[in-house]
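Trainee: Prediction below, plus the sequence it came from.
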Amino acid sequence: MATKGKVAGIISNLVMVKVDGPVSQNEICYINHGGIKLMAEVIRIGAEYAYIQVFESTRGLKTGTPIEFTGHMLEATLGPGILSKNFDGLQHDLDKMEGIFLQKGDYTHPLEVDKDWSFKPLVKVGDEVVAGSWLGEVKENWIAHKTMVPFKFKGDYKVKEIVPSGDYKIEDKIAVLTDDEGNEHTVTMVQKWPVKIPIKTYKNKPRPSKFLETGIRVIDSMTPIVEGGTGFIPGPFGTGKTVLQHALSKQADADMIVVAACGERANEVVEIFAEFPELDDPRTGRKLMERTTIIANTSNMPVAAREASVYTAMTIAEYYRSMGLKILLLADSTSRWAQALREMSNRMEELPGPDAFPMDLPAIISNFYSRAGFVHLVNGKTGSVTFIGTVSPAGGNLKEPVTEATKKAARCFYALSQTRADSKRYPAIDAVDSYSKYLEYPEYIEYVSKVISPKWVDNILYARNILICGKNAYEQINILGDDGVPISYHETFWKSEVIDFVILQQDAFDKVDASTPIVRQQYMLEKVLKINKTNFSFNHFEEVNPYFKKIINVLKQMNYSEYESDQFKKFETELQEIINEKAVVEAEQL
């Protein structure tokens, strides 16, 4: 018999409930508010009372209102039909809802229960399977969507029945499995999984090492991320966090994109809904939305639903990873998620940490980031979830608690600079302040040495050192004046500017320059470093600026030209002529 209770106290969306039976942490319950059922989650349990966070507005709610507990946690519904959908944080299909505003208790099924799917079995009667094993597949857009043994199943099973190829609905019987004790279990195309528990139906989860190509030069050539890796993008308002995530979703080497808009402003979410269906996918030639799922919770939606949205998005990503796919999960912004945690913590009068955030904020963020990763599945295939979140620190303060806590969890740090954004240097990632810890991994170094170049990591570190020296030279020039420093300071600064303009900056509106393949990035980085290793002869500091501007201009024209085209080679010849004008000693070949 289900546990029941009554509302005993209300603090915004935190409700204290007097219960008449046992309840569990994170259990879902429904408040019967005037005939409308409001969904809520248990977040603290006492001897007599339970505290629940309501996923809806509690305006008009009174003490004594009846509540019924369901006996299960907040779960994601997993099955064919998730792709190309727009969900809220509780996985309700936003496209099925009517009206401009969301109504209380308006819950919709996330999948199409009446749609027929063309099913093809991948196992036969008598095969042994375990949780996560592939039973069959259907075509979902262009992805082969796998029907799997439910993740909740424990132990070994045998296939007793499997349906033949044909059209079936998601709730039709697809297979019958028997366990070690001879009990039969019916399997359909759909299953449920608690969003706050990681899906672990894989053999092992090694440290990721495979380079993930994004097409964004400042990331690939300076602060690379790996398949199954983690990164985050902090930066003040207007520095291009959302735009950078859009570029990643369009160009990164991933099979599927999951976008979690957890606490964005409503206009930004509308922009995502309006733009994504129109974006062309450069990898498939079709619409980007065909391999994208959006989980949206704006800043003015209840904080509890905002917190749920990141977990729902991660669960969907893990589900598709179990199909052997490469998933890119983008969350914007995890600061709003942390603010939701802070609000609930304050309402429960917990001991506050820095800036009133929960004391265990670093642990919560670390646990969430740890769900990303590269895995070997039970059938020997591989899958990955690469997670990149954004952080919106108040006033651009990168020392605030959310940024500091995320730094401990994420392996890549992409610091957006207000100064670079103001000077129109996009993407506005500061390559000096940013870093990628994957450059220290022996597995990564070995992988890129084989796939890209044996000198790739050394070249990245050398280029980074040039940028640091250029920054120091620029500060000395500013302090002492143009004629108060040796000419070599001007040369050092402008050599770093060559890397900045040619490698770090990119034109998202140019068809060629918007996305750069890694082969081309390697070639251009080596060319730029060769210029940096060349000694030049200048008689006066005033010669340095115009000379390097000529070099930068030609290199930028190369960036706008098709790789290895006649035009590209023409600019390359012109570049060599300019270098020969002032070169004293040629750099040794890289």
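Mentor: Yep, that arrived. Everything quoted here is computed from the prediction, not taken from an experiment.
Trainee: And residue 330, how far from residue 148?
Mentor: Taking Cβ to Cβ, to the nearest Å as the criterion, residue 330 is separated from residue 148 by 25 Å. C-beta here means a position set from N, CA and C on the backbone, and glycine is covered the same way.
Trainee: so who does the residue lying closest to residue 235 once chain neighbours are set aside touch?
Mentor: In this structure, residue 235 finds its nearest non-sequential neighbour in residue 416, 2.7 Å apart by Cβ to Cβ, 6 or more residues apart in numbering. Residue 416 makes contacts with 233-236, 239-241, 244, 427-430, as judged by Cβ atoms under 8 Å, 6 or more residues apart in numbering.
Trainee: likewise residue 134?
Mentor: Contacts of residue 134 by Cβ under 8 Å, 6+ apart are 122-123, 146-148, 323, 379.
Trainee: Residue 77 too?
Mentor: Counting by Cβ under 8 Å, 6+ apart, residue 77 has contacts 91, 109-111, 190, 192.
Trainee: Now with 7 Å, please.
Mentor: By Cβ atoms under 7 Å, 6 or more residues apart in numbering, the contact set of residue 77 is 91, 110-111, 190, 192.
Trainee: quick one: which of these is nearest to residue 225?
Mentor: residue 91 (27.4 Å; Cβ to Cβ).
Trainee: The closest one - how many residues pack around it?
Mentor: Neighbourhood size, residue 91 [other Cβ atoms under 10 Å]: 27.
Trainee: and it, helix, strand or coil?
Mentor: Assigned by DSSP: H, G, I helix; E, B strand; the rest coil, the conformation of residue 91 is coil.
Trainee: Helix, strand, or coil at the closest residue to it other than its chain neighbours?
Mentor: The shortest distance from residue 91 to any non-neighbouring residue, by Cβ to Cβ, 6+ apart, is to residue 110 (4.6 Å). Under three-state DSSP, the three-state class of residue 110 is coil.
Trainee: shouldn't residue 110 be in contact with residue 95?
Mentor: No - counting by Cβ atoms under 7 Å, residue 110 does not reach residue 95; the two are 10.6 Å apart.
Trainee: Between the two, point out the one with more neighbours.
Mentor: More neighbours surround residue 110 than the other of residue 110 and residue 95, with 23 against 10 (other Cβ under 10 Å).
Trainee: related to what we said a few turns ago, contacts only, for the residue nearest to residue 91.
Mentor: 77, 87, 91-93.
Trainee: try residue 562
Mentor: Contacts of residue 562 (Cβ under 7 Å, 6+ apart): 512, 568.
Trainee: Please identify which helix or strand holds it.
Mentor: Using DSSP states H and E, residue 562 sits within no helix or strand.
Trainee: quick one: it and residue 512, what's the gap?
Mentor: Residue 562 is 6 Å from residue 512, by Cβ to Cβ.
Trainee: Residue 576 too?
Mentor: In terms of Cβ to Cβ, residue 576 sits 21 Å off from residue 512.
Trainee: Of those two, which one has the most company?
Mentor: A direct count of neighbours by other Cβ under 10 Å for residue 576 and residue 512 places residue 512 higher, at 16 against 11.
Trainee: Confirm that residue 335 sits in a helix.
Mentor: Yes - under three-state DSSP, residue 335 falls within a helix.
Trainee: how near is it to residue 124?
Mentor: Residue 335 is 50 Å from residue 124, by Cβ to Cβ.
Trainee: Which one of these two is surrounded by more residues?
Mentor: Legend: neighbour count by other Cβ under 10 Å for residue 335 and residue 124, higher for residue 335 (22 against 8).
Trainee: Show me where the protein dips below the pLDDT cut-off.
Mentor: Scanning the chain with the threshold set as pLDDT under 70 gives 99-101, 264-268, 299-301, 585-590.
Trainee: where along it do the helices fall?
Mentor: Secondary structure of the chain (DSSP state H): helices at 217-220, 241-251, 266-275, 303-321, 334-347, 361-369, 401-409, 418-422, 442-451, 456-480, 487-499, 518-532, 544-560, 566-582.
Trainee: ranking these by burial, who's on top?
Mentor: helix 303-321 (a mean of 26; mean count of other Cβ atoms under 10 Å).
Trainee: Report all helices and strands that that one contacts.
Mentor: Other helices and strands packing on helix 303-321, by 3 or more Cβ pairs under 7 Å, 6 or more residues apart in numbering; DSSP states H and E, are strand 75-78, strand 256-264, strand 292-298, strand 326-331, helix 334-347, strand 382-391.
Trainee: Between helix 266-275 and the third one, find me the angle.
Mentor: Per axes from the mean of the first three to the mean of the last three Cα atoms, to 10 degrees, the angle that strand 292-298 makes with helix 266-275 is 160 degrees.
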